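J.: prediction below, plus the sequence it came from.
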Amino acid sequence: MSEISQRVTQASDTELDYDAIVVGAGFAGLYMLHRLRSLGLRARVFEAGSGVGGTWFWNAYPGARCDIESMEYSYQFDEALQQEWVWSERYAAQPEILSYLNHVADRFDLRRDIQFDTRVQAATYEEAQGRWRVRLEKGGTATARYCIMATGVLSSANIPAIPGLADFPGQVLHTGNWPHAGVDFTGKRVGVVGTGSSGIQVIPEIAKQAAHLTVFQRTASYTIPARNAPLDPAAQAAVKADYQGLRQRVSLMPIGAEFYHRDVSALAEAPAAREAEMEARWRKGGTSFGAAFNDLMLSKEANQVAADFVRAKIRSLVADAATAERLMPKQLFGCKRICLDTDYYATFNRPNVSLVDVSGGIEAATAQGLRVAGRDYALDTLVFATGFDAMTGALLKVDIRGVGGLPLSQKWAEGARTYLGLQVQGFPNLFTITGPQSPSVFTNMVPSIEQHVEFIADCIAYMQPRGLTRVEPVKAAEDAWVEHVGGIAASTLYASCNSWYLGANIPGKPRVFLAHIGFPTYVQRCREVVAKDYEGFAFA
Ligand code: FAD
Ligand code: NAP
């Protein structure tokens, strides 16, 4: 047992003391708990949901699946685990990923240290004691030296403020908080608001059941066919024969997943050759369509090549020319996240599906449905696929206060500020897994999460034998990091449209680019920081 775990463990019936508190039991929280235990620490996980899984617990909507290939969208920290788990499809569906995470929880006996149905409301750093006090929504507090936020980057659902929404008598759902019992749309007039990744997955599934589906689209997305298929057992066995080889290879890819990156400008090739390349990738399906050329996100002219290709595909797939025109994205290719779909465009050829442009806003919800530009659309069920207050939303929903009682919301009033996306100056011993300004959503997130968990665990392991009890970034390091991350984004086209990468989907949210683009360079930087005795961090 560690020195700190020998402290008083129970101050009162309602206040418990731990070495570390972890908030959230998704991919991040589960692995963090496992690592903390292996350091001999007493850790407690608080999870708002009634089960493990995070994203894959909450997003139980029909059609939900990952868009990173299953063999890569999984933990690599345990060889036996990755050998024994058998994925059934190229892109695993939500129920399968949830089963996998339940398997992980059981395999490593994690549940006994997870408190479900427990939302953390506040976390305050008590400087005199050098401990975090965490307040739980249902009452009671807990304290710990370390507070680790594994609260997720896409876990704070965004429901737009539509006037009159409370007057709509039908069922109102959000894809990110879907009933586990399922929803029967048979015979229903359903409205889906939102055509990002979630909308694009759920729309074809609802269309198969509903009497009528009306899709309310503000911005058309670029989507590439997933071409999901059962995983060939022989191909799976071949990967498993050298799983570490695959993991090593993808760790050097820009997004930490097999990306088939081609180091060729879209403007350097003859039109026929570049069309052939894009056609081959379109047929193969998957996100690597975006890696056909090296300058799609650097040059508007190059970007146009991919954008025009996808628009031509939409024209060929959607029977009604006016609908096809409305489905064609106008913004740059890739500046909002590229989606993967199964039969999305073909869905608009169904007689029971219609598309409504809401780029001018949704006027109101009424007792009958939605009103757009003076016209009423009758609905029984309203589905919001309107995304999340990404990257900072779940963190700022907790009233986090650092040294001197400074609220994190105040520190981040002009936009998130972190060092490496892992820590915030003025908030000692608080760690954020895949926090803002780390690669997070610009990667295959499971390896990103593992890298952060290991960094945090290694940092704590570094502190313990040295008698160090407090770690936080120095201000200069944080300032430089914020500038560095913003500079990378500014050198690309990613910051050129109203995406959630910038916080632009949430009214009033400061527009700051929230992710570090480039996984391998980030990992290398973290290694250098560690090699220089945690350069940029101050210990006490
Ligand atoms: P989460 O899985 O979001 O878990 C966070 C947990 O924290 C949640 O269970 C939440 O209830 C809990 N929590 C939050 N706040 C509190 C609080 N105050 N108190 C208590 N508990 C709290 N990434 C990819 O790389 N590839 C994909 O294909 C992919 N597909 C996605 C599909 C969908 C529909 C969504 C929404 C996201 C997808 N992502 C994907 C991103 C995905 O979020 C990450 O891959 C990963 O699952 C995040 O794990 P996490 O543990 O960090 O966070
Ligand atoms: P999203 O990408 O933010 O899309 C939300 C959609 O709702 C957008 O079309 C948005 O339009 C629309 N919208 C928001 N507010 C609106 C309003 N007031 N009126 C009308 N429309 C409104 O959210 P998401 O689809 O849930 O995806 C979020 C992220 O989760 C993805 O980018 C991805 O990282 C992850 N995800 C991945 C998968 C996968 O395939 N693996 C699936 C789902 C989610 P605007 O574009 O105009 O804002």
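T.: Arrived safely. From a predicted model like this one, the values you see are computed outputs, not experimental measurements. Numbers count the residues shown, from 1 in each chain. Ligands and ions are numbered 1, 2, ... in the order given.
J.: close to ligand 2: what parts of the stretch 401-540 of the chain are there?
T.: Within the stretch 401-540 of the chain, the positions adjacent to ligand 2 are Val441, Trp500, Asn505 by Cβ under 6 Å from any ligand atom. The C-beta positions use only the backbone N, C-alpha and C, and glycine is treated the same way.
J.: torsion angles phi and psi at the residue of the stretch 301-450 of the chain found nearest ligand 1?
T.: Residue of the stretch 301-450 of the chain nearest ligand 1, by Cβ to the nearest ligand atom: Met445 (3.3 Å). Phi and psi for Met445, reported as degrees, to the nearest 10, are phi -70, psi -20.
J.: check the gap between it and Asp376 for me.
T.: Counting by Cβ to Cβ, to the nearest Å, the separation of Met445 from Asp376 is 41 Å.
J.: and the two? which has more neighbours close in?
T.: Met445 (25 against 13; other Cβ atoms under 10 Å).
J.: list the contacts for the one residue in the stretch 351-500 of the chain that gets nearest to ligand 2?
T.: With Cβ to the nearest ligand atom, the shortest gap between the stretch 351-500 of the chain and ligand 2 falls at Gly387, namely 2.5 Å. Going by Cβ atoms under 8 Å, 6 or more residues apart in numbering, Gly387 touches Leu154, Ala157, Asn158, Gly176, Gly194, Gly196, Ser198, Trp500, Asn505.
J.: so how far is Lys300 from the third one?
T.: Read it as Asn158. Counting by Cβ to Cβ, the gap from Asn158 to Lys300 is 29 Å.
J.: for the two, indicate the residue with more neighbours.
T.: Taking other Cβ under 10 Å, Asn158 and Lys300 do not tie; Asn158 has more neighbours (20 against 12).
J.: can you give me the neighbour number for the closest residue to Ala220 other than its chain neighbours?
T.: Spatial nearest neighbour of Ala220, excluding adjacent residues (Cβ to Cβ, 6 or more residues apart in numbering): Pro329 at 4.4 Å. The number of residues packed near Pro329 is 19, by other Cβ under 10 Å.
J.: for the stretch 101-250 of the chain, which residues are neighbours of ligand 2?
T.: 154, 160, 175, 193-199, 201, 216, 218-219.
J.: buried members of those residues into ChimeraX, please.
T.: In ChimeraX, this line selects whichever of these come out buried by 16 or more other Cβ atoms under 10 Å:
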select :154,160,175,193,194,195,196,197,198,199,201,216,218,219
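J.: which members of the residues of the stretch 101-250 of the chain next to ligand 2 occur in helices, if any?
T.: Ser197, Ser198, Gly199, Gln201 (DSSP state H).
J.: now do the contacts for the third one.
T.: It stands for Gly199. Contact partners of Gly199, counting by Cβ under 8 Å, 6+ apart, are Thr175, Val192, Val193, Val215, Ala385.
J.: which one of those residues sits closest to ligand 1?
T.: Using Cβ to the nearest ligand atom, Thr175 comes nearest to ligand 1 of the contacts of Gly199, at 6.9 Å.
J.: any residues of this protein in contact with ligand 1? List them.
T.: Near ligand 1, when you scan the chain using Cβ under 6 Å from any ligand atom, you find 23-29, 46-49, 54-55, 57, 59, 64, 66-68, 73, 119-120, 150-155, 176, 198, 394, 397-398, 433-434, 444-445, 449.
J.: among those, which ones are buried?
T.: Taking 16+ other Cβ under 10 Å as the criterion, what is buried in the residues of the chain next to ligand 1 is 23-29, 46-49, 54-55, 57, 59, 64, 66-68, 73, 120, 150-155, 176, 198, 394, 397-398, 433-434, 444-445, 449.
J.: out of the residues you listed, which are inside helices?
T.: Filtering those for helices - DSSP H - leaves Phe27, Ala28, Gly29, Thr55, Phe57, Ser198, Ala394, Lys397, Met445, Ile449.
J.: quick one on the thing from earlier: what's the spacing between the residue of the stretch 351-500 of the chain closest to ligand 2 and Arg527?
T.: Gly387 is 33 Å from Arg527, by Cβ to Cβ.
J.: got it, and Trp481?
T.: From Trp481 over to Arg527 the distance is 15 Å, taken as Cβ to Cβ.
J.: more neighbours: these two, which one.
T.: A direct count of neighbours by other Cβ under 10 Å for Trp481 and Arg527 places Trp481 higher, at 22 against 12.
J.: residue contacts, the more buried one?
T.: Thr418, Tyr419, Leu420, Gln437, Pro473, Gly536.
J.: doesn't Val441 lie inside a strand?
T.: No - according to DSSP: H, G, I helix; E, B strand; the rest coil, Val441 belongs to no strand; its state is helix.
J.: ok, residues contacting stretch 52-62?
T.: Stretch 52-62 has contacts (Cβ under 8 Å, 6+ apart) with 24-30, 49, 51, 94-95, 97-98, 101-102, 104-105, 110-111, 114, 152, 154-155, 173, 175-180, 182, 198, 201-202, 205-206, 383, 385.
J.: whoops, stretch 398-405 was the one
T.: Here stretch 398-405 makes contact (Cβ under 8 Å, 6+ apart) with 23, 120-125, 127, 149, 151, 407-409, 411, 424, 426-428, 430.
J.: got the end-to-end distance for it?
T.: Start-to-end span of stretch 398-405 (Cα to Cα, to the nearest Å) is 14 Å.
J.: tell me which residues of that stretch come out buried.
T.: Within stretch 398-405, the residues scored as buried using 16+ other Cβ under 10 Å are Val398, Ile400, Arg401, Gly402.
J.: show me these that map onto strands.
T.: The strands, defined by DSSP state E, take in Ile400, Arg401 from the buried residues of stretch 398-405.
J.: which of the buried residues of stretch 398-405 sit farthest apart?
T.: Val398 and Gly402 (12.3 Å; Cβ to Cβ).
J.: report the contact partners of the residue in the stretch 1-150 of the chain that ligand 2 sits nearest to.
T.: In the stretch 1-150 of the chain, the residue that lies nearest ligand 2 is Asp67 (3.6 Å; Cβ to the nearest ligand atom). Contact partners of Asp67, counting by Cβ under 8 Å, 6+ apart, are Tyr91, Ser197, Ala226, Gly286, Thr287, Cys339, Leu340.
J.: what segments of the stretch 251-400 of the chain are helices?
T.: Taking DSSP state H, counting those that start in this stretch, the helices of the stretch 251-400 of the chain run over residues 271-284, 300-317, 321-327, 344-347, 393-397.
J.: okay if I get the ones you listed as JSON lines plus mean pLDDT?
T.: Output for the helices of the stretch 251-400 of the chain, formatted as JSON lines (pLDDT from 0 to 100):
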{"stretch": "helix 271-284", "mean pLDDT": "97"}
{"stretch": "helix 300-317", "mean pLDDT": "98"}
{"stretch": "helix 321-327", "mean pLDDT": "98"}
{"stretch": "helix 344-347", "mean pLDDT": "98"}
{"stretch": "helix 393-397", "mean pLDDT": "98"}
